[in-house]
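Engineer: Dropping a prediction and its sequence here:
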Amino acid sequence: MKFTLKACDQYSEARAGLITTDHGSIETPVFMPVGTAATVKAIHVKDLEEEVKAEIILGNTYHLYLRPGLGILQKAGGIHRFMAWKRPVLTDSGGYQVYSLAERRKLDDDGVTFRSHIDGSSHFFSPEKAIDIQRAIGADIIMAFDECTPYPCEYKYAEKSMKLTHDWLKRCCKQFDNTGGLYGYKQSLFPIVQGSIYKDLREVSANFVSECGRDGNAIGGLSVGEPTDIMYEMTALVCSILPKEKPRYLMGVGTPANIIECIALGVDMFDCVMPTRNARNGMIFTREGIINIRNKKWENDFSPIDPDGDTFADQTYSRAYLRHLFIAGEMLGPMLATLHNLRFYFRLVKEARQEILQNSFANWKKQMVEKVSRRL
């Protein structure tokens, strides 16, 4: 993998770059749709390619390991062939699921024993196994195995967890370096910075991760319930330490406003379930604000879903029709909303990139954060 910086904003830390992988190039800043189980919910791969114009998607190691299982993925020739997606894929390591399955898991220095949410069967993930699983899945970018701390989190626990994550990272790097890809293309390993909301821990972790010298780096353990201003503070601190010549990935963030603000702090890559999950519940993101399409106020609104949108859905259907689909429980409603929201997110980061290249990002950011945060 190669990362090339194309431009930097003179009034912030925002950057425009290019990530090159064996499955294609990715212009940054970039938003990655979440395809948990080898599918982005409620949208066809063709629409991801042609309408959303997504350049990379994210898969989930924990879920893919349980279902369909590594045997099927290997027989298929890896995740790209299995789901008919020709562009890059990133997989998380399963660390977030370790966090979210706190009642179903047992954690020690060796790894994590957990019970499947599907059938209750027992499984064990070690740093080495997390790497081997992601080798078998076949993503272009794979994540180191970590522990994601909750919020709030006591200092002593956060420090202990960070040290464990660092120990696991050493083992991940060793396993990654001693193994190879299974499908004829290269994979890159991203370490993850942890440390909860404590500045000194974040500094230690960011420096440790930087010294690993990997192709890119990630920031984890944020967007887990902490106040937004603290998330921004921790992100800014970590970005000031992580090497400028490597892409920075802020995991699980966030709202359109969050993304714009964190681009200004120096983040290059984002993922979040918000555009797809919220779409299935009738929340529509537009550049003029947020719409709850179920509200009665849209019942007689025959204007486009988003007058500024450029998808087939935006140009063809009205807000009144989309509301009708949701109220009637028709599957087409969530499908159209998902298509729109993903395209909106992708256009947003593309627009941010253009503003950075034109050295006009600061004024654009100020206007857009206010607009996309409104409730219509």
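Structural biologist: Good, I have the coordinates. Numbering: from 1, shown residues only.

Engineer: What residues of stretch 199-215 count as buried?
Structural biologist: Neighbour-count burial for stretch 199-215 flags Leu201, Arg202, Glu203, Val204, Ser205, Ala206, Phe208, Val209, Ser210, Cys212, Arg214, Asp215 (criterion: 16 or more other C-beta atoms under 10 Å). All C-beta atoms are positioned from the backbone trio N, CA, C, and that covers glycine.

Engineer: repeat for stretch 309-325
Structural biologist: For stretch 309-325, burial by neighbour count (16+ other C-beta under 10 Å) applies to Gly309, Thr311, Ala313, Asp314, Tyr317, Arg319, Tyr321, Leu322, Arg323, His324, Leu325.

Engineer: Those residues in helices, which ones?
Structural biologist: Ala313, Asp314, Arg319, Tyr321, Leu322, Arg323, His324, Leu325 (DSSP state H).

Engineer: Count the neighbours of the closest residue to Ile57 other than its chain neighbours for me.
Structural biologist: Ranked by C-beta to C-beta, 6 or more residues apart in numbering and with sequence neighbours excluded, the top spatial neighbour of Ile57 is Gly35, at 4.5 Å. A count of neighbours around Gly35, defined by other C-beta atoms under 10 Å, yields 27.

Engineer: in the stretch 251-376 of the chain, which spans are helices?
Structural biologist: Remark: helices assigned in the stretch 251-376 of the chain by DSSP state H, counting those that start in this stretch are 256-264, 274-280, 312-316, 319-327, 332-357, 361-372.

Engineer: least reliable of those helices going by mean pLDDT?
Structural biologist: With a mean of 92, helix 312-316 has the lowest mean pLDDT of the helices of the stretch 251-376 of the chain.

Engineer: Going by distance to Glu355, which of the buried residues of stretch 309-325 wins?
Structural biologist: Relative to Glu355, the closest of those is Gly309; by C-beta to C-beta it sits at 19.2 Å.

Engineer: And the closest one, what's its pLDDT?
Structural biologist: On the pLDDT scale, Gly309 is placed at 93.

Engineer: The residue nearest to the spatial centre of the chain: what's it in contact with?
Structural biologist: Centroid-nearest residue in the chain: Asp271, 1.8 Å away (criterion: C-alpha atoms, centre = their mean). Counting by C-beta atoms under 8 Å, 6 or more residues apart in numbering, Asp271 makes contact with Phe31, Met32, Pro33, Val34, Leu58, Leu90, Tyr249, Met251, Gly252, Val253.

Engineer: Quick check: the spatially closest residue to it that is not a sequence neighbour vs Tyr96, distance?
Structural biologist: Leaving aside its chain neighbours, Asp271 sits nearest to Met32 (4.2 Å; criterion: C-beta to C-beta, 6+ apart). For Met32, the distance to Tyr96 equals 14 Å [C-beta to C-beta, to the nearest Å].

Engineer: same thing with Gln315?
Structural biologist: Counting by C-beta to C-beta - Gln315 and Tyr96 are separated by 36 Å.

Engineer: Ok, Glu55 next?
Structural biologist: Relative to Tyr96, and taking C-beta to C-beta, Glu55 is found at 22 Å.

Engineer: Show the residue spans covered by the helices in the stretch 51-200 of the chain.
Structural biologist: So, for the stretch 51-200 of the chain - with DSSP H, counting those that start in this stretch - the helices run 61-66, 70-76, 79-83, 95-100, 127-137, 155-177, 199-211.

Engineer: quick one: which of these is nearest Lys46?
Structural biologist: helix 79-83 (11.9 Å).

Engineer: can you give me the mean pLDDT across the closest one?
Structural biologist: 98.

Engineer: same deal with stretch 51-68?
Structural biologist: 97.

Engineer: With stretch 113-133 instead?
Structural biologist: So the average pLDDT for stretch 113-133 ends up being 93.

Engineer: Go ahead and name everything in contact with stretch 362-372.
Structural biologist: 9, 11-12, 14, 255-257, 260-261, 263-264, 285-290, 348, 351-352, 355.

Engineer: Out of the residues you listed, which end up buried?
Structural biologist: If we count by 16+ other C-beta under 10 Å, the contacts of stretch 362-372 have these buried: 9, 12, 14, 255-257, 260-261, 263-264, 285-287, 290, 348, 351-352, 355.

Engineer: Determine how far the last residue of stretch 187-203 lies from the first.
Structural biologist: Taking C-alpha to C-alpha, to the nearest Å, the first and last residues of stretch 187-203 lie 27 Å apart.

Engineer: From the chain's centroid, how far away is that stretch?
Structural biologist: Taking C-alpha atoms, centre = their mean, to the nearest Å, one finds stretch 187-203 lying 16 Å from the centre of the chain it belongs to.

Engineer: Would you mind listing the buried residues in that stretch?
Structural biologist: Under 16+ other C-beta under 10 Å, the buried positions of stretch 187-203 are 187-198, 201-203.

Engineer: So which of these is the closest to Ala144?
Structural biologist: Closest to Ala144, out of all of these and judged by C-beta to C-beta, is Pro191, at 4.7 Å.

Engineer: So the closest one sits against Lys170, correct?
Structural biologist: No - using C-beta atoms under 8 Å as the test, Pro191 is too far from Lys170 to be in contact (9.9 Å).

Engineer: if we can go back for a sec, mean pLDDT lowest where, among the helices of the stretch 51-200 of the chain?
Structural biologist: Among the helices of the stretch 51-200 of the chain, helix 95-100 scores lowest, at a mean of 69.

Engineer: And the pLDDT at the residue of the chain most remote from its centre?
Structural biologist: Distance to the chain centre peaks in the chain at Asn300, reaching 35.9 Å (criterion: C-alpha atoms, centre = their mean). What the model reports for Asn300 is a pLDDT of 98.

Engineer: For it, give me the backbone phi and psi.
Structural biologist: Main-chain torsions, Asn300, degrees, to the nearest 10: phi -110, psi 20.

Engineer: Before I go, just wanted to say thanks for your time.
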